[in-house]
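A.B. asks: build me a structure from this.
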Amino acid sequence: FVSRLNNKISFCAGLNTKVSEQIKACNIDVISDKFSKTGIETNFNGNKIVAWCCNKTADIFRQLNEKYKLNLALPKGIFVEDFSKLNIDNEKLGFCNWLPSPVSKDSDKIFPERTLFFDKKFPWENIDPYTEDLHKSGFWASNHFLTSVIHEYGHSAHDNHLIDISDPKDILEILEKLKSKKYDQKTGKIISDISIRAAHNPLETVAEDMAGKIVSSLDSNLLPTENPFKSSSYPDASFLTRLQILLTGNKNNLIRESLLRKSWNGTV
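C.D. replies: This is a model prediction of the structure:
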């Protein structure tokens, strides 16, 4: 897996020859079996890139949970599918199923909440320059090639948190409220400092912020060297952390952190 753009080899954030060789050499069956042992159903449809990236992201989340007690839930399932055969509104690179529902146009199978889907027809061999271009345009929070996958894992963790703290009869209303929430011009501009995508709605705000913070904490082996949320108002900020943000943050930072915490808890 070596990304090429205009016939030139392009190595962007995080992706290097070592990672490329690891992807080429990975065994999808071994990765699927690893996920299966933790109760996560997968079908990568032969896509080594998605399989490797999802496995690496799961390792990152496990390390964050073990070292920093973050309790970020992993997805319940991961599938690589032809998105033209799914019931989705628009073109996406990937998405997270927030509640149990059928997804395929040709099957009545109900996929559980926190199931991730990635587009089989996307040219995943170009994920590196693709991510670089979207970051340069301001659309994504980072140019790291794992950004899109970590973003979807962030949705899964957020969904699990909302389900944990909410009355079951209220969760659909909460999700619909977060999905349909539009920012005013001033707030939208502040949130756009994370990324343009983050300003779409509070669900995207959290996922983009999580992706940006997590990739910034990774070392050359793509594992976290520090708690990416140590100075953040979520996911489980202490009173002292929140007080420090209140006392030292500028006005825009206070607005952003307050909105992130409310979005994480579904109270925005």
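A.B. asks: I'd say Pro235 and Leu70 touch.
C.D. replies: Yes. Contact criterion C-beta atoms under 8 Å: Pro235 and Leu70 qualify, at 6.0 Å. All C-beta atoms are positioned from the backbone trio N, CA, C, and that covers glycine.
A.B. asks: who's more crowded, these two?
C.D. replies: For Pro235 versus Leu70, the count of surrounding residues by other C-beta atoms under 10 Å is larger for Pro235: 21 against 16.
A.B. asks: list the contacts of that one.
C.D. replies: 70-72, 157, 161, 229, 264 (C-beta atoms under 8 Å, 6 or more residues apart in numbering).
A.B. asks: please enumerate the shared neighbours of Pro235 and Leu70.
C.D. replies: Listed as contacting both Pro235 and Leu70 by C-beta under 8 Å, 6+ apart are Phe229.
A.B. asks: next, name the residue at the spatial heart of the protein.
C.D. replies: Nearest to the mean C-alpha position of the chain, counting by C-alpha atoms, centre = their mean, stands His151 at 1.5 Å.
A.B. asks: rewinding a little: nearest to Lys109, of the contacts of Pro235?
C.D. replies: Proximity of the contacts of Pro235 to Lys109 (C-beta to C-beta) peaks at Ala157, which lies at 23.9 Å.
A.B. asks: wait, isn't that closest one in contact with Leu72?
C.D. replies: Yes. If you go by C-beta under 8 Å, Ala157 and Leu72 touch, sitting 4.1 Å apart.
A.B. asks: next, show the common contact partners of the two.
C.D. replies: With C-beta under 8 Å, 6+ apart as the test, Ala157 and Leu72 both reach 61, 235.
A.B. asks: more crowded one of these two?
C.D. replies: Ala157 (25 against 22).
A.B. asks: which residues are in contact with the more buried one?
C.D. replies: Ala157 neighbours (C-beta under 8 Å, 6+ apart): 61, 72-74, 210, 235.
A.B. asks: need the pLDDT of it.
C.D. replies: pLDDT for Ala157: 98.
A.B. asks: what's the following helix or strand after the host helix or strand of it?
C.D. replies: Under the criterion of DSSP states H and E, Ala157 resides in helix 147-165. Per DSSP H and E, the first helix or strand lying C-terminal to helix 147-165 is helix 171-180.
A.B. asks: list the buried ones in stretch 118-131?
C.D. replies: The neighbour-count check on stretch 118-131 (16 or more other C-beta atoms under 10 Å) flags 118-120, 122, 124, 126-131 as buried.
A.B. asks: just flag the most distant two among the residues you listed.
C.D. replies: The widest separation within these (C-beta to C-beta) is 19.7 Å, between Lys120 and Pro129.
A.B. asks: quick one: low-confidence parts of this structure?
C.D. replies: Scanning the chain for pLDDT under 70 picks out the ranges 1-14, 90-91.
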